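Peer 1: 3D model of this:
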Amino acid sequence: MQLTVWTYEGPTHVGAMRIATSMRDVHYVLHAPQGDTYADLLFTMIERRTARPPVTYTTFQARDLGGDTADLVKRTLREAYDRFTPSLLLVGESCTAELIQDQPGSLASSMDLPVPVVALELPSYSRKENWGASETFYHIARTLLPRGPATHEHRTTDTPVTRPRANVLGPSALGFRCRDDVTEIRRLLDHVGVDVNVVAPEGASPDDIRRIPDADFNICLYPEIALTTCVWLERAFAQPFVKTVPIGVGATRDFIAEIGRVTGIDVRPFVGTEQSRLPWYSRSVDSTYLTGKRVFVFGDATHAIAAARIASEELGFEIVGIGTYSREFGREIREAAKNYDVDALITDDYLEVEARITALAPELVLGTQMERHIAKRLGIPCAVISAPCHVQDFPARYSPQMGFEGANVIFDTWVHPLMMGLEEHLLTMFRGDFEFSDGAAPSHLANTPAVRSESEARAEDTRGDPGWTPDAEQELKKIPFFVRGKARRNTETFARERGVALITVEALYDAKAHFGR
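Peer 2: The predicted structure is shown next:
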């Protein structure tokens, strides 16, 4: 087991805690020693939830190891049920308690509690947080849903169904922008003509889980959490599921098209009605300043693959590296890497990621909070695209990543660091010029003596200097305004030194070649 200061994922019991925290009327009893009870701070301190997670710890100490810790588990289970009266009880153990082998799940199953009990056996030393969350969600579904034929005859409502119904599966506590993504997907589905049956695990109760088979199909919004459950639901209840994750304009169009194939809805009228500014920017002349920027992408597999597609196809960037810490999705990342002719990086060691970024020297990093720190040390712009993330990535404002509005948010988040970086670069490059010197007055104070218009500066600086032909003046205007003055002065200096009385277009380019050496 490798010890490190930073980790991309916590142990499996943190994944189970995420599912319990996401749901209503669910309680999680965790067999854990003192010291393993820190995880609930993630939800109140980082995600800023208004309530602590529904978790009760056995909190055994060293002196308890000489006695009957199994009795401690049973007592804690009974007290937790009596106090919280949940509709579903999850029972598991932390990585440290796993070594004691008390098997709290089996103990709970033998107690005849009046609610369903999900006994979680999550190997902490071979798996990680996302896998633990996925397994927990899957076992909840297996426990609560009836074993029946693959048919929709189990629907409980008598109301005629006029629009297809979908379950949105995967959003969970501590997920990246899940709250706003769900809002955006609800809006998108309603626009297409699909009703939402259940969103789970986020906000769902055990009764909501029981209603999952009432839908016509499922949407696997976050594969790291929901893929296993979606595959089982397809097999057990004949519910197809939409696999496209709608991050980016192209993926959102593909998402709508896949919904059309699953439901039989003609979605063509909806594909061209998106309200995203990203395609407009990609067609604008301003985007050419960033075309070909070298980008390194790292995160969970879903967001990394989506980010690479947006960067390459929608913003015209060059992907120089892509990777993930999600080993369960290593195959998908390797397939994506082939599209960009780069080597995939599958690792949960941030030092390997830092070494790869340093070697590739990209101009933009798209990653997790780990990569944000790495990029900051290296002086590279960075945008966070994936968990693990910090408090600033749980904004109070509406800030989805999915759908057409999510594409707008991504456009702002990714492009602005590069544009501001361009501005900083130009200010540094021309700091010696009077327009950009530290003593220069602000450019918006036009009447300040320290600021002169271009025509005034030319009138003062060109007395006795070479003249300009109309064609050369016109060519000079094609140079960006913030370097035009310097280009004029350099060209006139070049002409004076060579005794040129009239600057032509040819002389302008000769001067450019001279000073560009």
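Peer 1: Distance of Gln101 relative to Pro123?
Peer 2: According to CB to CB, to the nearest Å, Gln101 stands 12 Å off from Pro123. Backbone N, C-alpha and C define where each C-beta goes, glycine included.
Peer 1: Comparing these two, which shows the higher neighbour count?
Peer 2: Ranked by neighbour count (other CB atoms under 10 Å), Gln101 and Pro123 place Pro123 first, with 13 against 7.
Peer 1: Surely that one and His13 touch.
Peer 2: No: at 10.6 Å, Pro123 does not count as touching His13 under the criterion of CB atoms under 8 Å.
Peer 1: Asn197 is in contact with Pro164, isn't it?
Peer 2: No: applying CB under 8 Å, one finds Asn197 not in contact with Pro164, separated by 9.5 Å.
Peer 1: so where do the strands sit in the stretch 51-200 of the chain?
Peer 2: 55-57, 88-93, 117-119, 165-169, 195-200 (DSSP state E, counting those that start in this stretch).
Peer 1: Out of those, the one nearest Val26 is which?
Peer 2: strand 88-93 (4.8 Å; CB to CB).
Peer 1: got the contact list for the closest one?
Peer 2: 13, 16, 19-20, 23, 25-32, 77, 80-81, 100, 102, 104-105, 107-108, 113, 115-122, 136, 140, 143-144, 206 (CB atoms under 8 Å, 6 or more residues apart in numbering).
Peer 1: Can you show me the CA trace of that strand as CSV?
Peer 2: Extracted C-alpha coordinates of strand 88-93, given in CSV (Å, rounded to 0.1, in the frame of the first residue of the first chain):
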residue,chain,number,x,y,z
LEU,A,88,-32.9,1.4,4.7
LEU,A,89,-29.8,0.5,6.7
LEU,A,90,-26.3,0.3,5.2
VAL,A,91,-23.7,-1.6,7.2
GLY,A,92,-19.9,-1.6,6.4
GLU,A,93,-16.4,-1.2,7.8
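Peer 1: Who does that strand pair with, and is each partner parallel or antiparallel?
Peer 2: According to DSSP bridges, strand 88-93 forms sheet pairs with strand 26-31 (parallel), strand 117-119 (parallel).
Peer 1: Deepest-packed of these, please.
Peer 2: Sort those by mean neighbour count, taking mean count of other CB atoms under 10 Å, and strand 26-31 sits at the top with a mean of 27.
Peer 1: That one: what's the following helix or strand?
Peer 2: Remark: after strand 26-31, the chain's next helix or strand is helix 41, criterion DSSP states H and E.
Peer 1: now stretch 35-54: mean pLDDT?
Peer 2: Mean per-residue pLDDT for stretch 35-54: 82.
Peer 1: Give me the contact list for it.
Peer 2: Applying CB under 8 Å, 6+ apart, the set of residues contacting stretch 35-54 is 10, 13-14, 17, 20-21, 26-28, 30, 55, 57, 59, 84, 86, 94-97, 173-174, 389-391, 394.
Peer 1: switch the cut-off to 7 Å
Peer 2: 10, 14, 17, 20-21, 26-28, 55, 57, 59, 84, 94, 96, 173-174, 390-391, 394 (CB atoms under 7 Å, 6 or more residues apart in numbering).
Peer 1: Stretch 338-345 now?
Peer 2: With CB under 7 Å, 6+ apart as the criterion, stretch 338-345 contacts 298, 308, 312, 319-323, 333-334, 337, 353, 356.
Peer 1: Sort out for me which of those are in helices.
Peer 2: When DSSP state H is applied, the contacts of stretch 338-345 are split such that 308, 333-334, 337, 353, 356 fall in helices.
Peer 1: By neighbours, which of those wins?
Peer 2: Ala308 (26 neighbours).
Peer 1: Mind putting the ones in helices among the contacts of stretch 338-345 into CSV with pLDDT and distance to Glu47?
Peer 2: As requested, those are arranged in CSV below (pLDDT from 0 to 100; distance: CB to CB, whole Å):
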residue, pLDDT, distance to Glu47
Ala308, 97, 26
Ile333, 97, 26
Arg334, 97, 31
Ala337, 97, 31
Val353, 96, 24
Arg356, 96, 29
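Peer 1: Quickly note the distance from Val242 to Phe84.
Peer 2: Val242 is 35 Å from Phe84, by CB to CB.
Peer 1: what's the answer for Val182, then?
Peer 2: From Val182 to Phe84 the distance is 26 Å (CB to CB).
Peer 1: Look at the nearest residue to Leu107 once chain neighbours are set aside and report its pLDDT.
Peer 2: Nearest in space to Leu107, with sequence neighbours left out and distances taken as CB to CB, 6 or more residues apart in numbering, is Val73 at 5.2 Å. Note on Val73: pLDDT of 87.
Peer 1: Perfect, I'm done here.
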